[in-house]
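Chemist: I'd like to go over a predicted model; first the sequence, then the structure.
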Amino acid sequence: MSDTPVITRQDRDELRRQGILLTSIEEVYNWGRSRSVWPLQFGLACCAIEMIAASMARFDIARFGSEVFRPSPRQADLLIVSGTVTKKMAPQVVRLWNQMPEPKYCIAMGACAISGGPFKQGYNVLKGIDRFIPVDIYIPGCPPRPEALLHGLMELQKKMRGEKLTGPDVPRNKQPDNPCEYPVPEFGAHDLEPAKNPDIWQPPAPVRPDKP
Amino acid sequence: METPEQIRDRLLARFPGATVTLVVNPGASGQHSLLLDPANARAIAVFLRDDPVLRLDYCSNATGVDWPEKEIVETTKVSVPDPAGGAPKIVEQKTKRIQPGYLEAVYHLYSMALKTGPVIIRLRTGNRTDQVALPSLTPVWRACEFQEREIFDLYGIVFTDHPDLRRILMWDEFKDHPMRKDYVEPDDYEWEPTAHDEVLVRAKAHAAAAAPAPVAPPPAEAPQP
Amino acid sequence: MLGSGIIQGLAVTAKNLVGSFHDPARFTTTQYPEERTKLPENYRNFPFLVADAANDPIGSLRCVACQICEKECPPQCIYIEKSKDKKPDAAGKQQFFPAVFDIDTSVCMSCQICVEVCPFDAIKMDQVFEIATPERFNALLLDRGQLAKPNTYYQQIHPTEAAEVDARLAADRKAGEEKAKAAAAAAAAKAAAAKAAPAAPASTAPSAPKSPAVPGTEAPKPPTTA
Amino acid sequence: MIESPSSPLAPLAGAHVRAVHDAFHGDLLEVSMGPHHPSTHGVFRMMVTLDGETVVKLKPVFGYLHRNHEKLGENTTYLGSMPYTDRLDYFCSMTNNWAYALAVEKLAGQAVPDRAEYLRVILAELTRLLNHTCLAGFLLQDAGASGTPLMYAFREREKILDLFESLSGSRMMCNYQRFGGCRVDPTPAWFDAARRVTEEYPRFLDEYEALITGNEILMARTQGVGRLSAALAVSAGITGPMLRACGVDYDLRKAEPYGFYSRFEFRVPLGDHGDTYDRYMIRILEMRESVKILQQALRDIPAGPIFDSKAKIRAFRPKAGEAYGRIEGPKGEIGFYLISDGTGNPYRYRIRPPSFVNLTVLEDMCLGHTIADAVIILGSIDIVLGEVDR
């Protein structure tokens, strides 16, 4: 299959305007997936309350097809890391992530899940869940409003709709070297061992223009 | 309700061998406390709980405090040597002494029956390394059960006769006592976008620790910019 | 009767279900992307920097890089670098400005302490919350350019507060100008006195009335020392 | 396949089940519930030893949300800890703020203006409404009433959160109290909105009670489940609605009236069985009392400053000393123990977390009950992990 499709998205949109519905398996597949993202019922801290609020009547995440919070990771597509991940909790989060079937996605909700947030100086706080599992969407805020979570979910849906079924830029879950299982850290004498997964956590060096 | 002084006097009368010291709180709250000696602490606690006047049946808060060893340079300004007949002179005398460190357990006691309180009692360990045992007050007040476990976890005070003394907040394999003042945090620093001075220092230290060979020369220079 | 409690409960549910079709009080859902709840004026999410001129936000920041917010920020998510040179602020006063002003939104906890401690009303809380992003390392650090927003925007999102701030700033500016004027007058009087002194020590009194004419030329000078 | 071994007339099915049970009896099963478990209210973990379905041993495991709050508090300024207290018990940021402000005010000997005291009472009682409402929803969720009661609870929660948001700027993390007063003066429109919410709240409570209180399933699940004796409750330092459900009359608002609580007329509801149903009912009754306090406070609030003019926001350095301040939070007694050494940071910053201490008796309450009851007993304690683990 060539990289440049014969019929582009613009063509398709134009045809749709003319009343001809043309679609591809890819589009139908992604449409179906993106509109029934089942999150894992998994709350960690303060943001979890806003996540629950998002699933309640006022914000109603059901309008996005994501109201089915699954208690079991085996039935979930989306891990919303909602709150501070402590070092004591990190192995469990990675284990849950490993148990989720591909294709799976991860939203880091709130400052703590992204980087440790306000608690980042704490000795038991993991400075960002992306040290151990790949994160698709980051929602900053402390905590983000439920609307912000919905916005993050829409961003995720957008990302899912843009995914290719074939070709070199297929999503993570279709890449041949995708590790379905990520290494679970273990409790050490002073810290987690390892403290990060270097395969997915490659931060840039902190730089300051004048003082390198 | 009795003042801490009255309680102290009564305790001293009741427990002749015990040492009970009043620790004066200079702050605005005026919550003075009683320092008990560990040997008699359990008996005194039972007395405080059952005494009909005090009836301190409720231990609200139990916590640890770390007082590390510190060098105190005392400038005793008030030393007033009186030259014979002359006006008193104020001379500054500097005395250096090392105050030994200790760990402290503080209990805030109230009476639910009489709705009075607080009576604050403190226990101190011998030092911060090997004499860290204190009698557990969990048999007296069940409320101390988890709080003493927490003190054990975070401060390293070993409570003898505690029914279930394990780490509570950190994992069992953990070795340190993180709430102590001299606790060194693990180096899990990789990246932080705000380039504060301490951030850069830590980044440098982390890079040095992560890759000792190539970054070995730079740590020689002072990291503080 | 056994079961009456359950039936009663079901009646409540039924009432709410039916009610949600005609009673707006019972229909609570906000259809978010299309319909938005009006954010209250006080709502805060992340800080932004107030700029006086809408056409040149970075150049007209109120911030004078005093770094108080950086020190007070509980999670240490602000990073400021003071400029080496000074430039005039809105009042024409020579001030430092932030050469670098970064806020790490991946750490910020929206506590508003930076706003409270800022003596210059230069940092305020923004209300934009739709900032979810797939980017980790580049998108979450807001720099000076992203943070600078004009005062008109501030007036738009926090109208009451902005009006107070504007009034206060105007009053301050006026007081400052008057003070500067007075200081200039005093300085001029002194200068005139000094000038007059060597010439004719006795004629200091006549030279004093001359001074009010001078400030116009000398006014910009005193504030540089302030 | 289970077949009755002899004639169908004999009542043997039961005997057969009995035999199967006896064969397994004595084999204890250890189950780890949590830290990821839908009914543990966050990342709480219980190591439960079961005999059949009966709990014979239960050990709570903490620390999965240990965010080192106390260490951070010792490394930051007095003011800097205030937003962190919001994140302790993230349902009740206003009362956490108040407890901390109270402790610091005790430490520094600061006065609070009258209007601020009234505001604190108003906000604390709104928080109590909010917390108890959510608890009632979550408790029912734990009992198996999936969704519906929680939806009702969160519908009301949003109304109170709107009040908090329009006042303090944030739905959950209010960061509103300051040492010596409050941060923002509410507008008359805010008071109108607060009055409206207060007026409507009894209607919601009636609706909620009609929905669930008389429900036979709820009664069967909760009455007589998780009994706690008054003596044990006092010894174990249980506070808040849990203590009062055992019949112990100890409410700090009455016992040690902080703020302006002595000015308001309200009653302290007490239970007499100390079981899960009592704990649920105490909260419903407390909400009705809170509405009464709110009505009085909103009626009587005086005009005036909300912040003590002598108080300092920046460079706040109380002189050396220590103070323990506590208030009656919605979950129980929340206290702050501060030691100052005269610098800008507290030397020791300790939080007395109510739900952490309340968990002391979890095992005592669960023993002999089934594992499903353990879930609902845990729900009735009303824990929030941010506060349990800090």
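Modeler: The structure has been received and is ready for your questions.
Chemist: What sits closest to residue A:128 if chain neighbours are left out?
Modeler: residue A:115 (4.5 Å; Cβ to Cβ, 6 or more residues apart in numbering or on different chains). The way it works is simple: take the backbone N, C-alpha and C, and place the C-beta from them, glycine included.
Chemist: show me the contacts for that neighbour.
Modeler: For residue A:115, the contact set (Cβ atoms under 8 Å, 6 or more residues apart in numbering or on different chains) comprises A:127, A:128, B:192, C:104, C:106, C:107, C:140.
Chemist: Now do it against residue D:33, distance only.
Modeler: Distance of residue A:115 to residue D:33, computed by Cβ to Cβ, to the nearest Å: 30 Å.
Chemist: try residue A:110
Modeler: Distance from residue A:110 to residue D:33, by Cβ to Cβ: 25 Å.
Chemist: And for residue D:333?
Modeler: 27 Å.
Chemist: Show me which residues of the stretch 51-200 of chain D are close to chain C?
Modeler: D:76-77, D:79-84, D:86-87, D:148, D:152, D:155, D:158, D:162, D:165-170, D:173, D:175, D:183-184 (Cβ under 8 Å from any Cβ of the partner chain).
Chemist: er, chain B actually
Modeler: B:191, B:192, B:193, B:194, B:195, B:196.
Chemist: Tell me which of these fall in helices.
Modeler: Using DSSP state H, no member of the residues of chain B next to chain C sits in helices.
Chemist: near chain A, from those residues?
Modeler: Among the residues of chain B next to chain C, chain A is touched by B:191, B:192, B:193, B:195 when using Cβ under 8 Å from any Cβ.
Chemist: Can you tell me, leaving aside adjacent residues, what's nearest to the residue positioned nearest the centre of chain B?
Modeler: Nearest to the mean C-alpha position of chain B, by Cα atoms, centre = their mean, lies residue B:65 at 2.2 Å. In this structure, residue B:65 finds its nearest non-sequential neighbour in residue B:104, 4.4 Å apart by Cβ to Cβ, 6+ apart.
Chemist: neighbours around that neighbour, how many?
Modeler: Neighbourhood size, residue B:104 [other Cβ atoms under 10 Å in any protein chain shown]: 22.
Chemist: Dihedrals phi and psi, residue B:72?
Modeler: phi -110, psi 120 (degrees, to the nearest 10).
Chemist: Number of residues surrounding it?
Modeler: Counted with other Cβ under 10 Å, the neighbours of residue B:72 add up to 9.
Chemist: who's it bridged to?
Modeler: Here residue B:72 sits in beta bridges with residue B:97, going by DSSP bridges.
Chemist: Look up how far residue B:101 lies from it.
Modeler: Distance from residue B:72 to residue B:101, by Cβ to Cβ: 12 Å.
Chemist: What separation is there between residue B:183 and chain A?
Modeler: As judged by Cβ to the nearest Cβ, to the nearest Å, residue B:183 and chain A stand 7 Å apart.
Chemist: secondary structure class for that residue?
Modeler: Using DSSP: H, G, I helix; E, B strand; the rest coil, the structure places residue B:183 in coil.
Chemist: again with residue B:65
Modeler: Residue B:65 - assigned by three-state DSSP - is strand.
Chemist: who's in contact with it?
Modeler: Contact analysis of residue B:65 by Cβ under 8 Å, 6+ apart lists B:103, B:104, B:105, B:106, B:155, D:339, D:347, D:348.
Chemist: Among the residues you listed, name the ones in helices.
Modeler: residue B:155.
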